[in-house]
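> Provided below are the primary sequence and the corresponding predicted coordinates.
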Amino acid sequence: MAEIIPLIQKLATLLIDEGNFISEVKPEVESLRKDLLLMTASLKDADAAAIQLKNERAKEWVKQLRELAFEVEDAIDVFVYKMARKQRHNSIVQKITKFPKDLIYAHKLREKIQVIKGKLKKHFEHRTNYEIRQFEEGQSQISVQAHQLEASNSPNVEVVGFQKEAEELAKLLTKQDLHGQLRVVSITGMGGLGKTTLARKIYERDDVRRHFNCQAWIYISKEYKFKDVLHKIIEQVMMPTEEERVKLLPMEEGDLEKKLFDFLREKNYFFVVDDIWTKEDWDKLRRIFPAPSNSIRQRRVLLTTRDEVIPRYADEITLPYKLQLLDEEKSLELFLNVVFRSVDREAILNKEMKNLAEKIVAKCDRLPLAIVVMGGLLSTKRPTIFAWRNVLESVDWFLDSSVCHKALALSYSELPNHLKPCFLYFGLFPLETEIKRDRLIRLWVAEGFLEPRGKLRMEEVGGECLEELMQRNLIEVAKWKPNQVPDSFIIHDLLLNLAASKAKEGNFLNTSTSKKSLKSYRRVALHGEESDEITAAPYPSLTSNLLRSLLSFTEITPSLCGKFKLLNVLDLEGVPGIESLPKEIGKLICLKYLNLSETNLKTVPSWLGNLYNLQTLNLYNTKIGSVPIEIYKLEKLRHLLCFNRNCKGTSDDFVVQSSVGVFWRRPSPRHIHQLKDLHTLWFHISSWIEDGLENLTNLRELGITGFGELMKKFGEALSRALAKLVLLEVLFLAEQAWLGLGEIILPSFSDHQYLHDITIIGAGILKLPDLKNFPPHLTRLRLGSTHLMEDMMQTLEKLPQLKDLKLDSHPYDGVEMKCSSGGFSKLENLSLIWFDWLISWKVEEGAMPNLRTLEMNHLLELKWMPEGMRNIATLEKLSLSMPNEFLERVKEGGEDWEKIEHVPSINIREVQIPTEISQHIAESEQERSLLAEIERERRELAAIERERSKIGKIERSLKHVATFLYPDEVERQRNLLVIAEYEAKRSLLDEKEGSLLKKIEQMIPRQSSAASSIEST
């Protein structure tokens, strides 16, 4: 099925596209697409027969249909390729003279399509000969068998790692509900995590069962008959006699539902619904549970499911409990418990065998079911080093053929058709690879996996598909963006192996490095050093080459890629040795996706403009100094990323006119506004800014960098354009030298409803915009080398949605900074890096109430930790890269230790104050004298801070005493007067500190020459 869906979508796209050269055969292509759509229902039944009933004849039928689909794709792709080459390389006269030949090509394709349609019709009519019939509810046994096997492989040993989870869930289920509501508690996670095992452990607990007078365990597979489920529930809760069973058998579903409903009305019941797959299944079950009528009644349901949508659908209030993989220690403990169930392990397990055990467990990748399967295997063998070593060498094979594989395969077989190719695509990536969300979606778009959904962009459809795979627990988020959109994904090793094996079965993709793979598969990924064995052998004809997508994660000869004329996807991200592109790449006119990011590419040839089908061109973090103006010919581009790695060698005019041209024909003018479909643009600043950037109104991501003089020169045009790009989601502006020389006046972003991520580095903003001019939904902000003089916190702390703030490389040149009470209400991550002059940072009580991580790095003049840090209970991680004087105060036992002792993770690293900064401060005798005076004032500030800390402690103690220990009003008022005296004293200290800070700020030398020397540091 996964191979057919992209083809149907590809044909639909060709029919919509006016420039696809198939106008002569559009009726035939449309008819062919409809035939394939009709075949998908039978294909689903055939897949079910092949997988669930292990029907080899059905498998053969699927294989033949797949080959016909490939024949369709090859015929149309070759035709389009030939027509495109002729029309793009011939003059008008040549096009007219060769028109009859074009008609011949179209006639041959029409005949080819008719032949294929005949084959498809015959193939469809013969499906009954292959024992393919429509599957009905209840026929499939695969989910039942896999679930039974999964449950039966939980040995009679103490379950490792579930004690904490069981306690938490038991408390949640037995918590008294004053309103008598039906509460649904859910356990979610990928297959094999032990959801059923944990649910069974809770179901059998005495402290849970005693809260209820009615319990039932219900197993809901993907294929079931609801009437049978009702009978099983009645058996458990009503315990009918044999005579009553006979009366129940002929009853209709509705009557059985009513009987159960009436029985449960006056019960405190607890049901476990195990392995539920769809919201529709829950809707059926929900009908038997009575609505709240008595606040005394306790009604609980415990669900287990792989799909995270169902728990939120069943109970919007109660959060689902997501099971996690075991850690290494618990994985090994579970493994040894299974292997040595009733044997003294200490007498057998020597150092070498324990080492083998650790390696076997590592292969299981912390998945409980895989660990139990391998432990069960070893429990049947003699405990010898030889036997265990043999098992280690066959772990992968055994897991692929075991119940573990079947349990995981069930998640794939139950995927809807549109998600199957998306999941299989993960099989192209190496193990333990963190896969960027944007990269994956752009690949899917180029592959044609995604179907249109209303007015959604294809990238948004791809995001929804990823969300569905996440909800089914087939992939996990590795990193999140501040706006709660995933940034990258990982996939469990066993699930990745499943994707690779299923994809290989259907010739969907392969990761083999043999030359045969490049001839036999639609999609190939090259892993490891063995790719050196691949040679660029010529192919006899276009039709002998199936390859449409090539991804390489190892060194490869780029000219090899030019051999595959029908290539749609070429991803060489990070491949070493690529400094230039061979001319063979210029012939890949079917190419939709070209990724050369993170390579050493130095030049971009002008013929790149011939790849007119390109949707994604990624040259990010390469060594290019310019791009040819022919890049503007790529009018189908959606994502254009051209950033120089180290900013050296970038020309003032980044888009250059090619020196190669046709002398007798004046080239038509090219401008960036012709790329009207651009959604992502990362470019070096130059004159193109004035050529229509403001017309690229579809832009969602914009990244611009350049030297200060260019940023200043085109700053006004850039500002005008930014004001009009109201669909922007991400904005990145960077002055390449980080000197803050390129002044830019930012426009108002108040109308930019989607703009959530802004980075400004050295781009010379003179002051922060007014609060009303910030984007209303800004969640991430980075300011670097901005050298602002006003305390930026007074503005930034009022941004209502800000979650991630990074201020680095001299963002602020003032001496005092303050975070007010109630400020930064949603901030979770704060980084402060390279503040040269900051002396005092105040954090009031109630500031940053949700802060989780704080980085303080090279705040060279800051001498103590802010007092308010003690009040931030949410802080989980604190990273300090500070001078020794500061670190001495925050170490355990130091003066500031109690301010941060509640933080679970504290990382400390000592840094030295650069000699350039120290020398600059003491350049002259006068400055040395000033430095001594500054130091005296700082010591006084430190004394003020210590006194204020003491006063704060006394105030808190007195308030506690006044509130709780002095009920007598006279005594309480006396204490309140003492508190008021201390508050007045603290106010005087604040005033004195403010005057000292102003004095210090005036004394700090501000020569421009000194500032530039600091910048060089």
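Nice, I can see it.
> Let me see the contact set for the closest residue in space to N473 that isn't next to it in sequence.
Spatial nearest neighbour of N473, excluding adjacent residues (C-beta to C-beta, 6 or more residues apart in numbering): M190 at 4.0 Å. In this view, the C-beta of every residue, glycine as well, is placed from N, C-alpha and C. For M190, the contacting residues are 306, 367, 408, 411, 473-474, 492, 495, by C-beta atoms under 8 Å, 6 or more residues apart in numbering.
> go with 10 Å
With contacts taken as C-beta atoms under 10 Å, 6 or more residues apart in numbering, M190 has the following neighbours: 306, 322-323, 325, 367, 369, 407-408, 411, 472-476, 491-492, 494-495.
> what's the spacing between it and C404?
12 Å (C-beta to C-beta, to the nearest Å).
> tell me, what's touching those two both at once?
Shared contacts of M190 and C404, defined by C-beta under 10 Å, 6+ apart, are found at 367, 369, 494.
> Turn those residues into a markdown table, columns for distance to L349, neighbour count and secondary structure.
A markdown table is the format used below for the shared contacts of M190 and C404 (distance: C-beta to C-beta, whole Å; neighbours: other C-beta atoms under 10 Å; DSSP: H, G, I helix; E, B strand; the rest coil):
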| residue | distance to L349 | neighbour count | secondary structure |
| --- | --- | --- | --- |
| L367 | 22 | 25 | coil |
| L369 | 23 | 26 | helix |
| L494 | 26 | 24 | helix |
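> Please, which helix or strand holds R720?
R720 is part of helix 715-724 when elements are defined by DSSP states H and E.
> cool, K806 as well?
Element membership for K806 (DSSP H and E) is strand 804-808.
> outside of that strand, which residues touch it?
Contacts of strand 804-808 (C-beta under 10 Å, 6+ apart): 481-483, 738, 757, 759, 761, 778-786, 788, 792-793, 796-797, 799, 817, 824, 826-835, 848, 851, 853, 855, 857-858.
> Just the ones in helices from these, please.
Taking DSSP state H as the definition of helices, the contacts of strand 804-808 contribute 793, 796.
> before we move on, back to that, give me the subset of the contacts of M190 that lies in helices.
369, 407-408, 411, 494-495.
> what number of residues lie near the closest residue to D307 other than its chain neighbours?
With C-beta to C-beta, 6+ apart as the criterion, D307 has its nearest non-adjacent residue at 5.2 Å, and that residue is R472. The number of residues packed near R472 is 24, by other C-beta atoms under 10 Å.
> Would you mind confirming that R472 makes contact with L415?
Yes - proximity of R472 to L415 meets the contact threshold set by C-beta atoms under 10 Å, at 7.3 Å.
> Look up the residues that both of those two are in contact with.
Both R472 and L415 are in contact with F423, where contact means C-beta under 10 Å, 6+ apart.
> thinking again about what came up before, next up, phi/psi of the residue nearest to N473, please.
Backbone torsions for M190, taken as degrees, to the nearest 10, come to phi -70, psi 160.
> cool, and G893?
As for G893, its main-chain torsions (degrees, to the nearest 10) stand at phi 90, psi -10.
> cool, and N568?
Geometry field for N568 lists phi and psi as phi -100, psi -30, criterion degrees, to the nearest 10.
> Identify the residues contacting the nearest residue to R670 once chain neighbours are set aside.
Leaving aside its sequence neighbours, R670 sits nearest to Y632 (C-beta to C-beta, 6+ apart; 3.9 Å). For Y632, the contacting residues are 609, 655, 669-675, 688, 691-692, by C-beta under 10 Å, 6+ apart.
> PyMOL command for the buried members of the residues you listed?
The buried residues among the contacts of Y632 can be selected in PyMOL (16 or more other C-beta atoms under 10 Å) with this line:
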select buried, resi 609+655+670+672+673+674+675+688+691+692
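> Give me the lowest-pLDDT entry from the contacts of Y632.
When these are compared by pLDDT, P669 scores lowest at 63.
> so where is the stretch 251-400 of the chain shaky, pLDDT-wise?
Across the stretch 251-400 of the chain, residues meeting the criterion (pLDDT under 70) sit at 291-296, 342-344, 347, 400.
> what stretches of the stretch 101-250 of the chain score poorly on pLDDT?
Per-residue confidence for the stretch 101-250 of the chain (pLDDT under 70) gives these ranges: 101-105, 126-161, 178-180, 221-223.
> ok, now which ones touch the closest residue to G562 other than its chain neighbours?
Once flanking residues are discounted, G562 sits nearest to E584: 2.3 Å by C-beta to C-beta, 6+ apart. Contact analysis of E584 by C-beta under 10 Å, 6+ apart lists 536, 558-565.
> what does I704 give?
Counted by C-beta under 10 Å, 6+ apart, I704 has contacts 643, 681-686, 689, 693, 710-711, 714, 718, 721-722, 731-734, 744, 763.
> go on, E252?
227, 258.
> What values do phi and psi take at it?
With angles defined as degrees, to the nearest 10, E252 sits at phi -80, psi 160.
> ok, now L440?
Main-chain dihedrals, L440, degrees, to the nearest 10: phi -60, psi -50.
> Could you report the pLDDT at it?
For L440, the model assigns a pLDDT of 97.
> Tell me how many other residues crowd it.
For L440, the neighbour count with other C-beta under 10 Å is 21.
> and L249, how far is that from K227?
From L249 over to K227 (counting by C-beta to C-beta), the distance is 10 Å.
> er, V72 actually
V72 is 44 Å from K227, by C-beta to C-beta.
> Of these two, give the one with the bigger neighbour count.
Taking neighbours as other C-beta under 10 Å, V72 and K227 compare with V72 leading, 26 against 15.
> check which helix or strand covers the more buried one.
V72 belongs to helix 56-89, assigned by DSSP H and E.
> model confidence over that helix, on average?
The average pLDDT for helix 56-89 rounds to 74.
> Give me the buried positions along it.
So for helix 56-89, counting by 16+ other C-beta under 10 Å, buried means 58-59, 61-62, 65-66, 68-69, 71-84, 86.
> circling back: buried only: go through the contacts of M190 for me.
Neighbour counting over the contacts of M190 (16+ other C-beta under 10 Å) leaves 306, 323, 325, 367, 369, 407-408, 411, 472-476, 491-492, 494-495 as the buried ones.
> Count residues in the vicinity of the nearest residue to W282 once chain neighbours are set aside, would you?
Distance criterion C-beta to C-beta, 6+ apart; nearest residue to W282, sequence neighbours excluded, is A314 at 5.2 Å. As a burial measure, A314 scores 24 neighbours (other C-beta under 10 Å).
> How about R245?
Applying other C-beta under 10 Å, we find 12 residues neighbouring R245.
> now E901
Neighbour count of E901, defined by other C-beta under 10 Å: 11.
> got a list of what it touches?
Contacts of E901 (C-beta under 10 Å, 6+ apart): 870, 890, 892.
> Neighbours of the first one, how many?
Here the number of neighbours of R870 (other C-beta under 10 Å) works out to 19.
> cool, and the last one?
The local packing of E892 (other C-beta under 10 Å) involves 9 other residues.
> Just the pLDDT at it, thanks.
90.
> how about the CA coordinates for the helix holding R720, as PDB?
Included here for helix 715-724 are C-alpha records, laid out as PDB according to Å, rounded to 0.1, in the frame of the first residue of the first chain:
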ATOM      1  CA  GLY A 715      18.400  48.700   6.400                       C
ATOM      2  CA  GLU A 716      15.600  51.000   5.300                       C
ATOM      3  CA  ALA A 717      14.500  48.700   2.500                       C
ATOM      4  CA  LEU A 718      14.700  45.800   4.800                       C
ATOM      5  CA  SER A 719      12.500  47.500   7.400                       C
ATOM      6  CA  ARG A 720       9.900  48.400   4.800                       C
ATOM      7  CA  ALA A 721       9.800  44.800   3.700                       C
ATOM      8  CA  LEU A 722       9.500  43.300   7.200                       C
ATOM      9  CA  ALA A 723       6.500  45.500   7.800                       C
ATOM     10  CA  LYS A 724       4.700  43.800   5.000                       C
END
